[in-house]
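>>> missing the sequence, but the structure's below:
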């Protein structure tokens with residue numbers, strides 16, 4: 001059970017700190033300059049975590065497994081990050097932005113799962129989508 005729960009706890013904790021940090025980027029700082037520093041730190045942290053956790057410490061061997069998803073993920077993560085930074089600079093509230101974004105994400109992922117992975121859409125998922133839409137309406141009132 002722990003193997004199932006701890007990643008979720010890391011995601012939630014990291015997301016809370018992430019939102020606080022994204023909101024805390026100085027308003028006058030260029031978002032892309034901020035991201036350059038952020039990803040330099042992430043690169044160092046990831047490399048250290050690799051060497052601490054990997055049995056085979058040959059990172060270049062691991063790089064040989066890179067495919068399109070790894071490369072596109074780098075671009076998409078940058079869009080995700082600067083999207084949040086620009087939204088906070090535009091005046092979104094921490095209590096609203098992530099909730100709205102994640103509600104819309106949940107709706108979009110149900111359809112992505114259906115079309116890309118042939119996952120079934122059950123009545124419970126439809127009810128969940130309806131609740132997401134209702135929640136988005138209430139949170140924006």
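Nice, thanks for sending it over. Since we're looking at a predicted model, the values are computed, not measured.
>>> got the buried residues for the strand or helix carrying residue 73?
In this structure, residue 73 sits in helix 68-89 according to DSSP states H and E. Residues of helix 68-89 classed as buried by neighbour count (16 or more other C-beta atoms under 10 Å): 81, 82, 84, 85, 87, 88, 89. Yep, even glycine has a C-beta here, placed from its N, CA and C like the rest.
>>> quick one: contacts for the second one?
For residue 82, the contact set (C-beta atoms under 8 Å, 6 or more residues apart in numbering) comprises 31, 32, 35.
>>> how near is the last one to residue 92?
Meaning residue 35. Distance, residue 35 to residue 92, using C-beta to C-beta, to the nearest Å: 18 Å.
>>> try residue 131
Distance from residue 131 to residue 92, by C-beta to C-beta: 22 Å.
>>> more neighbours: those two, which one.
Taking neighbours as other C-beta atoms under 10 Å, residue 131 and residue 92 compare with residue 92 leading, 16 against 12.
>>> what average pLDDT does the helix holding residue 73 get?
What helix 68-89 shows for mean pLDDT is 94.
>>> quick check: mean pLDDT across stretch 124-133?
Mean pLDDT, computed over stretch 124-133, is 90.
>>> run the angle between the strand or helix carrying residue 20 and helix 68-89 for me.
Using DSSP H and E, residue 20 falls within helix 2-24. With axes from the mean of the first three to the mean of the last three C-alpha atoms, to 10 degrees defining the directions, helix 2-24 sits at 50 degrees from helix 68-89.
>>> so how far is helix 2-24 off the chain centroid?
Here helix 2-24 is found 10 Å from its chain centre; the criterion is C-alpha atoms, centre = their mean, to the nearest Å.
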